[in-house]
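Trainee: next input, structure requested:
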Amino acid sequence: MLNEKQKLEEIIKLGDYMAHINDIDVLMEKILTEARKLVNADAGSIYQCENGMLLFTYSQNDTKQKKLPPGKKLVYNTFKMPINESSISGYVAVSGEILNIEDAYKIGDDVPYGFQKDFDIKTKYKTTSMLTIPLKTSTNKTVGVLQLLNAQDENNNVTTFKDNDIPIIKHFANNAAVALEKAALTRTLILRMISMAELRDPKETGAHVNRVGAFSAELYEAWAKKHNLTEYEITHNKDTIRIAAMLHDVGKVAISDTILKKPGKFTDEEYAIMKQHPYLGARLFSERQSELDEMSFDICLNHHERWDGFGYPGHIDIVTGLALPGFAKENGQPRGKKGEETTLAARIVGICDVYDALSCRRVYKSAWTQEDVVNELKKSAGTQFDSELIEIFVEIIEVIQSILQKYPDTE
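Mentor: Below you'll find the model as predicted:
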């Protein structure tokens, strides 16, 4: 457990660290993790305020996590509830007050809010102490709510949250709210860019790119943990891939409407034109000035390469679209990139893009069953896809499927 000085030092360090996280989903998960560490909370949830509703975004629970096999993550369904005073989190969002509740089952009748026991019953977890904090920006706008459960003492026994932790967690929450507002703006800007492609290609929706981004972040995290990367490396790279993966097909803005919006099968000539979108997208990031630019360039260019080398566009000059010197096949076409000639990030996004395409309905096809989708991915391991990544993807399929529910297509 941290002492008061260590907590203050940690908050200063975390404030700067959170300010550099660009993706709102990665940031919210990080906020919840670090807030729990500061006050030694066994569990917690974070909610995002959205159009008069509280969106249940992430939940963590050490007690339940310890019962899972190594590498597995707890899966909770996303849901919304109205922002009003009837719930504890709703009351905090409305009032802007911090609530420190000693026992959730002993809340009196003299307050408007009450504890909903359904979650405890469903998860077989006993909530006792609760610390609920509004995430307010410098302009006093509440952008979310942080709820921490079951403070623990040195012996891991459930206790109450200490009053002297309130100023510390309040300061942390203020920093977190500012970072959240910035990350929300980044997400909005990315989705506006995507909307240009959506106007051209009805398959390139905000829901699709959010799913591919979220799938990619989870697959990367699972791979990174297996390879013993540090927590800092995982969060940093997960943040970057979450955003860059959303831009994987932005090059489609340069493809003709007659091809993009064609509901039937492409002719050979049309398919050849469609296959230009990876390097056309990469051109948008040719003057790379950041890690995000670098990864966006890489993913745009390489997410259609295959493990066996029969993907596209291969080793090309993105300006001319022609094969690089020494990489042309006998017919003059560029040789495809094989195995680890394609980066980890692009291999990850390639899997996630195909999974989403098969899992979701399109005007020209019905959604496949999850069993059929997983079997298809397994069958393509070692040929189209990196076998190790497919194995990891299948291991985290419950998390992947929860993301499908979080970002549904609108009819």
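
Trainee: how about the helices in the stretch 51-200 of the chain?
Mentor: 62-65, 88-95, 118-123, 166-200 (DSSP state H, counting those that start in this stretch).

Trainee: before we move on, what about the stretch 201-350 of the chain?
Mentor: With helices called from DSSP H, counting those that start in this stretch, the stretch 201-350 of the chain shows them at 206-226, 231-246, 257-260, 268-274, 277-283, 291-302, 344-359.

Trainee: quick check: angle from the longest one to helix 231-246?
Mentor: Between the direction of helix 206-226 and that of helix 231-246, the angle (axes from the mean of the first three to the mean of the last three Cα atoms, to 10 degrees) works out to 150 degrees.

Trainee: OK, contacts around A19?
Mentor: Residues in contact with A19 (Cβ atoms under 8 Å, 6 or more residues apart in numbering) are N175, V178, A179, K182. For the C-beta atoms, the positions are set from N, CA and C on the backbone; glycine is no exception.

Trainee: local confidence estimate at the second one?
Mentor: Turning to V178, the model gives it a pLDDT of 92.

Trainee: for I259, see how far away the nearest residue to G144 once chain neighbours are set aside is.
Mentor: Closest residue to G144 apart from its sequence neighbours, by Cβ to Cβ, 6 or more residues apart in numbering: L135 at 4.0 Å. Applying Cβ to Cβ, to the nearest Å, the value for L135 to I259 is 45 Å.

Trainee: over to L229?
Mentor: Distance from L229 to I259, by Cβ to Cβ: 40 Å.

Trainee: about what we covered before: would you mind listing which of the contacts of A19 are buried?
Mentor: N175, V178, A179, K182 (16 or more other Cβ atoms under 10 Å).

Trainee: which among these gets closest to L389?
Mentor: Distance to L389 across the buried ones among the contacts of A19 (Cβ to Cβ) is lowest for A179, with 30.3 Å.

Trainee: wait, doesn't the closest one sit right on L27?
Mentor: Yes - at 5.9 Å, A179 and L27 qualify as touching, with contact defined as Cβ atoms under 8 Å.

Trainee: got the domain ranges for this protein?
Mentor: The chain is divided into the following domains under automatic domain parsing: 4-182, 201-406.

Trainee: for L191, find the nearest of these.
Mentor: Between the domains of the chain, domain 201-406 lies closest to L191; by Cβ to Cβ that is 5.1 Å.

Trainee: nearest residue to K329 other than its sequence neighbours?
Mentor: Nearest non-adjacent residue to K329, counting by Cβ to Cβ, 6+ apart: R335, 5.4 Å away.

Trainee: dump the residue contacts of that neighbour.
Mentor: So R335 contacts G309, G314, H315, A323, F327, A328, K329 (Cβ under 8 Å, 6+ apart).

Trainee: repeat that for 6 Å
Mentor: Contacts for R335 were tallied using Cβ atoms under 6 Å, 6 or more residues apart in numbering; they are G314, H315, F327, K329.

Trainee: spatially nearest residue to the second one, not counting backbone neighbours?
Mentor: Counting by Cβ to Cβ, 6+ apart, the nearest residue to H315 once its immediate chain neighbours are dropped is F327, at 3.5 Å.

Trainee: could you report the neighbour count for that neighbour?
Mentor: 16 (other Cβ atoms under 10 Å).

Trainee: cool, H248 as well?
Mentor: 29.

Trainee: quick check: phi and psi on it?
Mentor: phi -60, psi -30 (degrees, to the nearest 10).

Trainee: that one contacts I351, correct?
Mentor: No - judged on Cβ atoms under 6 Å, H248 makes no contact with I351 at a distance of 11.7 Å.

Trainee: mind checking pLDDT for V363?
Mentor: On pLDDT, V363 comes in at 64.

Trainee: tell me the bridge partners for P134.
Mentor: V145 (DSSP bridges).

Trainee: distance between the ends of stretch 258-268?
Mentor: Start to finish, the residues bounding stretch 258-268 are 14 Å apart (Cα to Cα, to the nearest Å).

Trainee: buried set for it?
Mentor: Buried, per 16+ other Cβ under 10 Å, within stretch 258-268: I259, L260.

Trainee: return the distance of it from the chain's centre.
Mentor: Distance of stretch 258-268 from its chain centroid, counting by Cα atoms, centre = their mean, to the nearest Å, is 31 Å.

Trainee: tell me the average confidence for that stretch?
Mentor: Stretch 258-268 comes out at a mean pLDDT of 83.

Trainee: can you name every helix or strand that the helix or strand hosting I31 contacts?
Mentor: I31 belongs to helix 24-39 when assigned by DSSP states H and E. Contact partners of helix 24-39 among helices and strands, from 3 or more Cβ pairs under 6 Å, 6 or more residues apart in numbering; DSSP states H and E: strand 41-50, strand 53-61, helix 166-200, helix 231-246.

Trainee: the first one pairs with which strands?
Mentor: Taking DSSP bridges as the criterion, strand 41-50 pairs within the sheet with strand 53-61 (antiparallel), strand 142-152 (antiparallel).

Trainee: export the longest one as CSV, just CAs?
Mentor: Listed next in CSV are the C-alpha coordinates belonging to strand 142-152 (Å, rounded to 0.1, in the frame of the first residue of the first chain):
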residue,chain,number,x,y,z
THR,A,142,-19.1,16.1,-15.6
VAL,A,143,-17.8,13.7,-18.3
GLY,A,144,-18.0,10.5,-16.3
VAL,A,145,-18.2,8.8,-13.0
LEU,A,146,-15.7,6.6,-11.2
GLN,A,147,-16.9,4.0,-8.8
LEU,A,148,-14.5,2.1,-6.5
LEU,A,149,-15.6,-0.9,-4.5
ASN,A,150,-14.4,-2.7,-1.3
ALA,A,151,-11.4,-0.9,0.0
GLN,A,152,-8.9,-3.3,1.5
